[in-house]
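# quick one, fold the following:
(one chain, ligands or ions: 1)
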Amino acid sequence: MREKIFSDVRSYFMANKPKRIIPGVDYIPAAGKVVDEEDLVNVVDAALDMWFTTGRFAKDFEASFSRFMEQDYCLLVNSGSSANLVAFSTLTSPALGERRLRAGDEVLTVAAGFPTTVNPIVQNGCVPVFVDVDQETHQVDVDLLKRACGPKTKAVMIAHTLGNPFDAQKVRRVCDEMNLWFVEDCCDAVGARLNGASVGTFGHIATASFYPAHHITMGEGGAVLTSDRRLKKIAESFRDWGRDCWCPTGKDNTCGKRFDHEFPEMPPGYDHKYIYSHVGYNLKLTDMQAALGLSQLKKLPDFIIKRNSNFAYLKQRLSAHDNFLGLASPTSNSEPSWFGFPLLCRPALMGSRADFVRHLEQRKIGTRLLFAGNLLKQPLYRDVPKRIGSSLVNTDNVMENLVWVGVYPALDHEHMDYIADVILDYIERNRR
Ligand SMILES: Cc1ncc(COP(=O)(O)O)c(C=O)c1O
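Residues are numbered from 1 along each chain as shown. Model (predicted):
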């Protein structure tokens, strides 16, 4: 019966297949999902199991994705934001003894990016310390990190923005020297590499997002990655209600002494399933989400090739005009996995970034800003305890002058040609 249903699902997909985007006629989104009939079959397969919560698809995904990211452990959660919350909260565990993060500790980060890279710092009562980004790569300026370090500084939490790796190896060296934890947000950068290793392997703990705009999608989904067994166990507890027990969903007595544990002030032999060691959450995802991710994962290498090929093609079309629109280059010793194509409006262009965005959008080219721009100028961070670790002049420049357009795998060189023509037309009309 399943095979019959799958065959119908494939036919349904083919009859309702997303249409090719025609440049100049259809809107070209800056980001989006790319799904095929096998993705839909997998979601239906998971639904027909009638298990619904985290299950066999999640287990398979965690095993495959940890291999892809060159980590020992992967824990699925319901979003990249949840992954960041779990990763950071893990470092507050009493199980880490003296090294645990406590309220009031400072955490180095950047303001040019997505809010939920920084929010977990605040949600855990710690104090974000903001340093500037580099003016050309828009990634953290690592030299500023070390200088911003103070006696209360205990951790670093930063994202590889738009898929171009920041120098995570250098950051790790600073962290080792200063005894700091390092959380590497790879939500925009799955597949990117630095000095021959996957992003995420430089931090003590790392995260990924599977929102539709990202390299692969689960609809909603995220992952926490680490090769530290102790951190993995704590992260699992924070994800799963804060419980002490580590049985997979639907399993009992994995530890073999479910009714034999002893905890001070607890009745002896209290069911381990109901013993809680952290102030946790429930951030698990459903097996339908994991099933979609598992089928998407097979296409990930191809998706990354397409993104990078679109990026390289558009860059080559615009490379003579960097004095009008700043173009991004891979950071040293890196292989980016481009999330988008950033364009920085330079003073040699007349008009504002808003004019440029209007020009693109009116010609059906989707645009995105670098998320929050300068987080400190956003309403949410106005009253939050924080420290400014350096001048944020480049962060402000990002907020005022940067925009990015899409390179995601539904697009090809024909779309890039159209985007390039529209951009070159803008430069022609607005050069000083
Ligand atoms: C760098 C970064 N971190 C975290 C997130 C949050 O991911 P999610 O939307 O899955 O919660 C995003 C979202 O796009 C992001 O760009």
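# just checking, residue 195 touches residue 333?
Yes - using C-beta atoms under 8 Å, residue 195 is in contact with residue 333, at 4.9 Å. The way it works is simple: take the backbone N, C-alpha and C, and place the C-beta from them, glycine included.
# ok, residues contacting the host helix or strand of residue 308?
Following DSSP states H and E, the helix or strand that holds residue 308 is helix 300-318. Where contact means C-beta atoms under 8 Å, 6 or more residues apart in numbering, the residues beyond helix 300-318 that reach it are 34, 68, 163, 190-191, 215-216, 325, 327, 336-339, 341, 405, 407-409, 411-413, 415-417, 419-420, 423-424.
# near the ligand, which residues of this structure are found?
Along the chain, the residues adjacent to the ligand under the rule C-beta under 6 Å from any ligand atom are 79-81, 84, 113-114, 116-117, 159, 185, 187-188, 209, 211, 222.
# among these, which ones are in helices?
Residues from the residues of the chain next to the ligand lying in helices, with DSSP state H as the criterion: 80-81, 84, 116-117.
# dihedrals phi and psi, residue 109?
phi -160, psi -180 (degrees, to the nearest 10).
# contact partners of stretch 231-246?
Residues outside stretch 231-246 that contact it (C-beta under 8 Å, 6+ apart) are 72-73, 75, 77, 82, 86-87, 89-91, 93, 95-96, 204-205, 224, 226, 254-255, 258, 261, 272-284.
# and with 7 Å instead?
73, 75, 77, 86-87, 89-90, 93, 95, 204-205, 224, 226, 254, 272-273, 275-284 (C-beta atoms under 7 Å, 6 or more residues apart in numbering).
# verify the stated contact: residue 149 with residue 177.
No - counting by C-beta atoms under 7 Å, residue 149 does not reach residue 177; the two are 9.4 Å apart.
# who has more neighbours, these two?
When neighbours are counted by other C-beta atoms under 10 Å, residue 149 and residue 177 differ, and residue 149 comes out ahead with 21 against 10.
# who are the contact partners of that one?
Residue 149 makes contact with 108, 178 under the criterion C-beta under 7 Å, 6+ apart.
# same thing with the one 5 residues further on?
For residue 154, the contacting residues are 101, 105-107, 180-181, by C-beta under 7 Å, 6+ apart.
# out of those, what pair is the most spread apart?
Largest separation among the contacts of residue 154 by C-beta to C-beta: 106 and 181, giving 11.7 Å.
# tell me the buried residues within the contacts of stretch 231-246.
In terms of neighbour count (16 or more other C-beta atoms under 10 Å), the buried residues within those are 73, 75, 77, 86-87, 89-90, 93, 204-205, 224, 226, 272, 277-278, 280-281, 283-284.
# just checking, which of the residues you listed belong to strands?
Assignment to strands by DSSP state E places the following of the buried ones among the contacts of stretch 231-246 there: 73, 75, 77, 205, 224, 226.
# with respect to the ligand, which of those is nearest?
If you rank these by distance to the ligand using C-beta to the nearest ligand atom, residue 77 comes first, at 9.1 Å.
# my guess is the closest one contacts residue 86, does it?
Yes - the pair formed by residue 77 and residue 86 meets the contact definition of C-beta under 7 Å, at 5.8 Å.
# returning to that earlier point: now, among the residues of the chain next to the ligand, which is nearest to residue 134?
Nearest to residue 134 among those is residue 113, at 13.3 Å by C-beta to C-beta.
# so what's the residue count around the closest one?
Per other C-beta under 10 Å, the neighbour tally for residue 113 reads 29.
# partner residues bridging the closest residue to it other than its chain neighbours?
The shortest distance from residue 113 to any non-neighbouring residue, by C-beta to C-beta, 6 or more residues apart in numbering, is to residue 159 (5.3 Å). Counting by DSSP bridges, residue 159 is bridged to residue 185.
# quick one: residues contacting residue 159.
Residues in contact with residue 159 (C-beta under 7 Å, 6+ apart) are 113-114, 117, 185, 187-188.
# what does residue 395 give?
Contacts of residue 395 by C-beta under 7 Å, 6+ apart are 111-112, 132-133, 374.
# list only those of these flagged as buried.
111-112, 132-133, 374.
# closest to the ligand among these?
residue 112 (10.6 Å).
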